[in-house]
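**Q** here you go, sequence then predicted model.
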Amino acid sequence: MGGFNDDERGNEVTMGDGQRTPNGGDKFNFAAAADSVRERLLAARGISAPTFADETAEPPDPGINQIWRARWEKTALAVIIVTNPDDDHVRVAAVTFDPDLADSSATVTPASATTIGISAVLWLDATQTIPLATLDAHLGNVKTPSPERKLASNELLHYQAIPTNRTYDGVMRASIIDDLKTLTYASWIPESGGDITELLANVKSSEIVQAVGVSTAEALQIKRGQRPLQPDEATMIAPLAGHSADELVAAASQLPSAVIHLFNTPAVRARITKYARATGADEITARRDCAYGVYAAAARATGQANDNELDQWRQRINQYLDTHLPQD
């Protein structure tokens with residue numbers, strides 16, 4: 001759970017630097033808070049609100065004033081897009097759905113001003129630029145360009161058993177700030193580096209043929225860096241080379257920018273999520289494997305070329321996923 005370390009052993013949680021707790025100190029004692037408050041906090045952070053997204057519909061292109069779920073590994077958070085995507089990144093602010101858990105800096109947009117039918121709390125002063133690849137599901141839109149209003153002090157829910165005059169309770173804020181920060185580190189592309197010819201210098205072509213099951217000509221292409229290396233092939237070769245599969249893949253074939261961009265989009269991610277569920281793979285591995293699979297298939301069909309038009313790569317991706325996704 002982002003924002004604090006909750007091991008429950010002592011019911012005390014140490015907050016992040018600079019965050020104030022409902023009790024006014026640097027630790028928050030959950031035993032002093034009502035159970036319902038804790039449940040609502042967990043629900044809001046875990047986005048256990050009603051499922052707004054229609055998984056059968058193709059998600060729209062991300063744009064300003066849209067509310068999305070951003071999800072990466074164990075971190076999930078609703079966000080509103082505040083600037084249009086740029087260079088496979090997007091500027092967002094956090095969104096929650098329980099005004100009682102907001103503080104005086106948050107802004108409430110009423111249900112009538114959203115397409116999701118409930119009030120949305122916009123944390124517009126808690127923004128981050130996150131990878132586009134983290135956008136998981138389109139939840140809805142804010143209808144009005146500007147937020148409706150900020151919460152008044154007397155509308156705030158205080159976590160103390162005995163209410164005080166405090167107007168800033170930082171539990172939720174600390175949590176969402178930590179989650180936004182975590183999302184900024186999301187990445188699925190292996191770090192590039194190394195020369196595949198050097199990494200495979202001590203591996204014979206015949207060993208690659210035997211390990212991977214390719215032709216002698218393809219084995220030579222792999223050794224020379226003339227053919228994209230798929231992750232499953234790299235896994236087979238790694239013990240022979242003494243290098244990790246990720247290192248071999250990244251050194252052998254850097255993905256074209258168009259392929260990376262398309263695999264960062266929510267439309268492709270929706271299909272990757274289905275692929276991961278069907279195969280039992282985690283989504284990061286599934287996305288990487290499919291991206292390199294598409295690139296390798298294109299190289300075998302047309303020769304290794306990085307300058308294909310975006311629409312051509314989109315068609316290849318759809319064809320690849322149509323072939324590899326189980327039929328409903």
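**A** Cool, the structure landed.

**Q** buried residues, stretch 226-243. List them.
**A** 226-231, 233-235, 237-238, 240-241, 243 (16 or more other CB atoms under 10 Å). (Each C-beta comes from the backbone N, C-alpha and C, glycine too.)

**Q** and it, how far out from the chain's middle?
**A** 27 Å (CA atoms, centre = their mean, to the nearest Å).

**Q** any chance you could list what contacts that stretch?
**A** 194, 196, 199-200, 202-203, 207-208, 211-212, 214, 218, 220-222, 244-246, 248-249, 252-253, 285, 288-289, 292-293, 295-296, 299-300, 304 (CB atoms under 8 Å, 6 or more residues apart in numbering).

**Q** nearest residue to the middle of the protein?
**A** Thr134 (2.5 Å; CA atoms, centre = their mean).

**Q** not counting sequence-adjacent ones, nearest residue to that one?
**A** Among residues not flanking Thr134 along the chain, Ala70 sits closest, at 4.4 Å (CB to CB, 6 or more residues apart in numbering).

**Q** is there a quick PyMOL command that grabs whichever of the contacts of stretch 226-243 are buried?
**A** In PyMOL, a selection of the buried entries from the contacts of stretch 226-243 looks like this (16+ other CB under 10 Å):
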select buried, resi 196+199+200+203+208+211+212+214+218+221+222+245+246+248+249+252+253+288+289+292+293+295+296+299+304
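
**Q** helix/strand/coil for Pro326?
**A** Secondary structure, DSSP: H, G, I helix; E, B strand; the rest coil: Pro326 is coil.

**Q** isn't it up against Ala278?
**A** Yes. Using CB atoms under 8 Å, Pro326 is in contact with Ala278, at 4.8 Å.

**Q** so for these two, which sits in the more crowded spot?
**A** Neighbours per residue (other CB atoms under 10 Å) separate Pro326 from Ala278, with Ala278 holding more: 12 against 9.

**Q** which phi and psi does the more buried one have?
**A** Note on Ala278: its backbone torsions stand at phi -70, psi -30 [degrees, to the nearest 10].

**Q** do Asn141 as well
**A** According to degrees, to the nearest 10, Asn141 has phi -130, psi 160.

**Q** for it, which non-adjacent residue is spatially closest?
**A** Asn141 sits nearest to Thr115 (CB to CB, 6+ apart), 4.8 Å away.

**Q** ok, the one you found - contacts?
**A** Thr115 makes contact with 140-141, 143 under the criterion CB under 8 Å, 6+ apart.

**Q** derive a PyMOL selection command for the buried subset of these.
**A** Buried residues among these (16+ other CB under 10 Å), as a PyMOL selection:
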select buried, resi 140+141
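
**Q** export the contacts of Thr115 as CSV, with columns for pLDDT and distance to Ala106.
**A** As requested, the contacts of Thr115 are arranged in CSV below (pLDDT from 0 to 100; distance: CB to CB, whole Å):
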residue, pLDDT, distance to Ala106
Gly140, 88, 18
Asn141, 89, 19
Lys143, 83, 19
